[in-house]
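K.L.:
What follows is a protein structure lacking sequence information:
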């Protein structure tokens, strides 16, 4: 009934995204490239960019380095100390953000069109000449340690880290992006400076520009901000990896009323030919909101949890499908059995024809919701380049999803979903589960 | 030096906001009115709206009622129970939000253009026929109480509430929008239903629509969602109020390493002829980032705090200027003395000519940064109507700010800033201050 209603309400056709949003390639005299979407409705320009190589390249014993660099770049750079840097940024109403992920280092600048030259210069020195002043390093280290202390009381964050460590152990993906108390304490000023000098280079850099700017000005902007960075070398230092996939159930005891369970196994990487089938299957199993089978079984039928979702996590060097559920300590085993059961059912039966059409329609139709601000669009431009999807991807996206057949979805489900490989990491005080082994690390 | 740099970088002229963004009035057959900005670049429509009358109208002893209604509206309405309501919303990829403020009840819907009829129907029943099912009421009550318990450990939130209670005591503005443990426990299903029946009416309702929709469809949408609501009566039940303005310094002891200080006094209401002068003066004293005098004195010169800002808070029935600062327990007195000193200096000297020009330029020039998503623009449309600023306000805004003269700014500063009226509420364990009296309430 509901599925039919949804199908009737969505008009089955390609959404007119690309019609209104033209992506242009731009190249500066320095050779730096970007994708640009012009939007002159308000005098604002947003730039987003990603350098390849992130937290997974943190030095041994110093996880959290990339993340600490992200917190330090606006703490003083080039001729400006911390106060002067921020005073200039304030005067220019510039909004500058940096963040680290496992495989990349991200940044963004939002600026009024008229102040773009001044803000671009601040971004340039932040990347090319960060100061890493000793007092600022210690202040930021203190803030990071306080954040880690807060996380250490949060079962949701702990459960995710427990699962990742257990699944990847010594591989860099096993360490959290933010590091640990010990690893953050070990990071030196030289580590931060070395990261910036080595990682902020032009090779592999992807950039999206959206807003009130033309092609020529955008090219000049690229040269101004990124043109002086070194060319750099290729990033091929991370080993390919797979999560442990041993079907383990590990528990880290914590005195909380609800346990948080993270679960997952190997999934496709972004360039896997099975990606689009897996993307649709994930939506059917654990899509956001009330769409997923897991939600129906665990929340709607039994009221075991407020929510349960899964997602594909396509790292550069490993693919995952992971999910999580928070439930009463007395009903953790029941929830885990239901997750395993749905995994098994998806493997054996795959989706129904109606589920497949509904998910395809949803994933195709809802996409424009992520395109209604300059920030969102710039993020999509960067992601498309990182994933090498091609500049015409938005025109092709609906077709790629739409072409997944029931046979293909069932074949991918049979190959991908493996209840024996599905592993669980529980943080809490679960009463009705037996761990298969101790976690590979008790403390994070 | 910096001020000059900023002035050079900003071109002194009206920003071309209104040129690109045309606001159209729309009226449905039912008489419901809205302001519309068409933007057909992506197939998404955002509606934001505000009913007059919010938390300040909560029944005595039941503060938190409006806020609880906001959490309950998507928990089941009309023919749909909670699960069905959310399943429909998910199928239609609709994003529905409600929130309560002291003087109003706000809502928003983001929808794909093609799904707008279905999503509009969900919004309609949420407002006109909320169910307030007993089990949902108890679940949401539990979530709100858990949130209040978290806030009770947060000195920043406590300090703000302490100041408001102390300044407004028995007036509704003295109670937090979320209520207290006792008041939330006292709210019944009938209270929630009465709020919805009385407050969701057409009189005073303000609506902004932004996105991929034309004037005729927008008018039909207004009728569809809001046309069936009762006309309702005027909201004139809240007494005009002033904060206590007795220059008190109250302390609520808490075992935290840093004290949080909230400070403030009477400020202008939004329709005060002195508004624009006060708006510029506030920016000079405690504007965001590194621009304000307080930031310079407290952070840059002495390193007493990470940040200190002030803002104008124009309630319908009271005007405030309030700020806050978090500082070491041993240096609270020093920080408070500096705030008082800057208050005195602003009263006596007013701003310098350079400060005035810099603030005017900043406040005028940075405004378009808040207009680069459909959500932001819709919010501005609602605010303009609530504040009765006129549909051409965006064309006039820069002129209104720009016309504040040095003489006027100094005269307003002399009248408005009053160190004897400035009161302080401290949560923490300050070592170097003497309270002038006990707080009027110890627990929130």
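P.N.:
Great, that's in hand. This structure is a prediction, so every number in the text was calculated from the model and none was measured.
K.L.:
For the stretch 251-400 of chain A, what lies in contact range of chain B?
P.N.:
Taking CB under 8 Å from any CB of the partner chain, the part of the stretch 251-400 of chain A that reaches chain B is made up of A:288-291, A:300, A:358, A:362, A:365-366, A:368-369, A:371-376. C-betas here are computed from N, CA, C, even on glycine.
K.L.:
Could you rerun that using 7 Å?
P.N.:
Residues of the stretch 251-400 of chain A lying close to chain B by CB under 7 Å from any CB of the partner chain are A:289-291, A:300, A:362, A:365-366, A:368-369, A:371-374.
K.L.:
Assess the claim that residue A:262 and residue A:326 are in contact.
P.N.:
No - with contacts counted by CB atoms under 7 Å, residue A:262 stays clear of residue A:326, the gap being 10.1 Å.
K.L.:
three-state assignment of residue A:362?
P.N.:
helix (DSSP: H, G, I helix; E, B strand; the rest coil).
K.L.:
now it: how far from residue B:91?
P.N.:
Residue A:362 sits 7 Å away from residue B:91, going by CB to CB, to the nearest Å.
K.L.:
Residue A:208 now?
P.N.:
31 Å.
K.L.:
do residue A:363 as well
P.N.:
12 Å.
K.L.:
what about these two, which has more around it?
P.N.:
For residue A:363 versus residue B:91, neighbours defined as other CB atoms under 10 Å in any protein chain shown are more numerous around residue B:91 (25 against 21).
K.L.:
per-residue pLDDT, that one?
P.N.:
Looking at residue B:91, its pLDDT reads 90.
K.L.:
same thing with residue A:150?
P.N.:
85.
K.L.:
What is the neighbour count of it?
P.N.:
Look at residue A:150: counted by other CB under 10 Å, it has 10 neighbours.
K.L.:
and it, helix, strand or coil?
P.N.:
Taking three-state DSSP, the label given to residue A:150 is helix.
K.L.:
any idea how far it is from chain B?
P.N.:
11 Å (CB to the nearest CB, to the nearest Å).
K.L.:
so what's the backbone phi/psi at whichever residue of the stretch 151-300 of chain A sits closest to chain B?
P.N.:
Closest residue of the stretch 151-300 of chain A to chain B, CB to the nearest CB: residue A:289 (3.6 Å). Main-chain dihedrals, residue A:289, degrees, to the nearest 10: phi 60, psi -140.
K.L.:
Assess the claim that it and residue B:92 are in contact.
P.N.:
No - applying CB under 7 Å, one finds residue A:289 not in contact with residue B:92, separated by 10.4 Å.
K.L.:
Between these two, point out the one with more neighbours.
P.N.:
The residue with more neighbours, out of residue A:289 and residue B:92, is residue B:92; 26 against 16, by other CB under 10 Å.
K.L.:
The more buried one is in contact with residue B:118, isn't it?
P.N.:
Yes - assessed by CB under 7 Å, residue B:92 is found in contact with residue B:118 at 4.6 Å.
K.L.:
ok, now which ones touch residue A:190?
P.N.:
By CB atoms under 7 Å, 6 or more residues apart in numbering or on different chains, residue A:190 lies in contact with nothing.
K.L.:
Is it within a helix or a strand, and which one?
P.N.:
Using DSSP states H and E, residue A:190 sits within helix A:189-199.
K.L.:
average pLDDT for whichever helix or strand comes after that helix?
P.N.:
Sequence-wise, the next helix or strand downstream of helix A:189-199 (DSSP H and E) is strand A:206-211. Strand A:206-211 carries an average pLDDT of 97.
K.L.:
how does chain A divide up, domain by domain?
P.N.:
Listed by automatic domain parsing, the domain ranges of chain A are A:22-226, A:240-428.
K.L.:
next one: the first one to chain centre, how far?
P.N.:
Spelled out, it's domain A:22-226. 14 Å (CA atoms, centre = their mean, to the nearest Å).
K.L.:
For it, measure first residue to last.
P.N.:
24 Å (CA to CA, to the nearest Å).
K.L.:
can you check the last one too?
P.N.:
The first and last residues of domain A:240-428 sit 32 Å apart, counting by CA to CA.
K.L.:
ok now it, how far from the chain's centre?
P.N.:
So, by CA atoms, centre = their mean, the centroid of domain A:240-428 is 14 Å from its chain's centroid.
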